[in-house]
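K.L.:
give me a 3D structure for the following:
(2 chains)
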Amino acid sequence: MNPKSSPDGLLVIVPAFNEEGAVGFVVEEVRQVMPGVPVLVIDDASWDTTRKVARAAGADVVTLPHHLGLGGCVQADYKLAYELGFDYVIRVDGDGQHDARGIRTILDALKSTGCEMIIGSRFAGGDGEYSSFARSLGIRFFRLVLRPILGKSVTDPTSGFVGVNRTALEVFSRSFPLEYPEIETLVVLKRRAFRFQEVPCRVRPRRSGRSSITALKSFYYMTHVLLGVFVNILKYVGGHRR
Amino acid sequence: MDRLLNVVTILSVALIVVVLASLRRAHIRSEYSISWLAAAVTMLVISQWQLLLDWLSSLVGIEQPPLAIMFIAFSVFLLVFYRFSVIISELKDANIALTQRVAILQYQVEHLNQHGQAESQN
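P.N.:
As a prediction, the model looks like this:
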């Protein structure tokens, strides 16, 4: 895996926890759509055959010695990508929800806009569907909360289809929200006066497995993320740009 | 009231004995025993020093000393627990960083081995 041999210095990362049913398809699709671009799967200590399936499909695999959750998992990859010298990293979920054709859209936007982060949004094109009622409530709620904080609207704040450039990579490899990173990441970006933009991307139903956010966990999720958002604002107001 | 104070004294002494015994057997690290010992000694002193307890009771505005001593015990141990949350958070951060570093190093070692094998075959 060498950034010099990768077109545009791009690395595609795929965080996966027990995704043996989908991760092979995800890797193959990315390799098909983006030939020559290395695909790195981070196996968050799965107990199924995720690692084997990913390798067989042609991905490099980093395996965490024990389960860290999504944020810790993605940050491990940001660290490795930064140390190896990649210029752009695009994250695609391991459950097959993200249409790999969106990677090209996100990469083009990263290059043309110079934004530190580009979010693939299922709603930016105006035809996205909510995967569940609970999720739709959550997304609408966080849109309202984030709008005044970010100074602009975000249509899909919980999207995991995200591309970053090397400037953001450097920051995230040092400091990254750990449990549910997507929304907090936006506030971290704002705090550092980084720019982000949304581009329309297609999102499909999950191929297998279940979302890590079940109905029971929704309340915990909302509280946790809300707290994370306000802690990040406090850091901003206090002027401690960590 | 006297009985309650004596019970608190006995419990405090028991806590000190347990912590010292754990320290001797290396079941607890000395830096983490300090919070418990400080809490136990605080409760011991308050339970045996009537004037101090009376003064503390009036300070926190609780007229019944038994209630005051329960309130003070609760506050003292709450501080101990909070300190543990801080320590656990630091440990968790260190653990995450270590886990990520181990995974990255393991990945790099595997790659070096693959390169080494490929070169020795050529």
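K.L.:
just how off-centre is the lowest-mean-pLDDT helix or strand in chain B within its chain?
P.N.:
For chain B, using mean pLDDT, DSSP states H and E, the weakest element among its helices and strands is helix B:50-60, scoring a mean of 85. On the basis of Cα atoms, centre = their mean, to the nearest Å, helix B:50-60 sits 27 Å off its chain's mean C-alpha point.
K.L.:
what mean pLDDT does the following helix or strand past that helix get?
P.N.:
In the C-terminal direction, the helix or strand that comes right after helix B:50-60 (DSSP states H and E) is helix B:65-121. Per-region confidence: helix B:65-121 scores 88 on mean pLDDT.
K.L.:
return the list of helices and strands in contact with helix B:65-121.
P.N.:
Other elements packing on helix B:65-121 under the criterion 3 or more Cβ pairs under 8 Å, 6 or more residues apart in numbering or on different chains; DSSP states H and E are strand A:60-63, helix A:70-84, helix B:2-24, helix B:30-48, helix B:50-60. All C-beta spots, glycine's among them, are computed from the backbone N, C-alpha and C.
K.L.:
for the fourth one, C-alpha coordinates in PDB please.
P.N.:
Translated: helix B:30-48. These are the backbone C-alpha positions of helix B:30-48, laid out as PDB (Å, rounded to 0.1, in the frame of the first residue of the first chain):
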ATOM      1  CA  SER B  30      -0.200   2.900  46.500                       C
ATOM      2  CA  GLU B  31      -1.300   6.000  44.400                       C
ATOM      3  CA  TYR B  32      -4.900   4.600  44.300                       C
ATOM      4  CA  SER B  33      -4.900   3.700  48.000                       C
ATOM      5  CA  ILE B  34      -4.400   7.300  49.000                       C
ATOM      6  CA  SER B  35      -7.900   8.400  48.200                       C
ATOM      7  CA  TRP B  36      -9.400   5.500  50.300                       C
ATOM      8  CA  LEU B  37      -7.000   6.100  53.200                       C
ATOM      9  CA  ALA B  38      -7.700   9.900  53.100                       C
ATOM     10  CA  ALA B  39     -11.500   9.200  53.100                       C
ATOM     11  CA  ALA B  40     -11.200   6.700  55.900                       C
ATOM     12  CA  VAL B  41      -9.100   8.900  58.100                       C
ATOM     13  CA  THR B  42     -11.400  11.900  57.500                       C
ATOM     14  CA  MET B  43     -14.400   9.800  58.600                       C
ATOM     15  CA  LEU B  44     -12.400   8.500  61.600                       C
ATOM     16  CA  VAL B  45     -11.500  12.000  62.800                       C
ATOM     17  CA  ILE B  46     -15.000  13.400  62.300                       C
ATOM     18  CA  SER B  47     -16.600  10.500  64.200                       C
ATOM     19  CA  GLN B  48     -14.300  10.900  67.200                       C
END
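K.L.:
residues of it that come out buried?
P.N.:
By neighbour count with 16 or more other Cβ atoms under 10 Å in any protein chain shown, helix B:30-48 contains the buried residues B:35-36, B:39-40, B:42-44, B:46-47.
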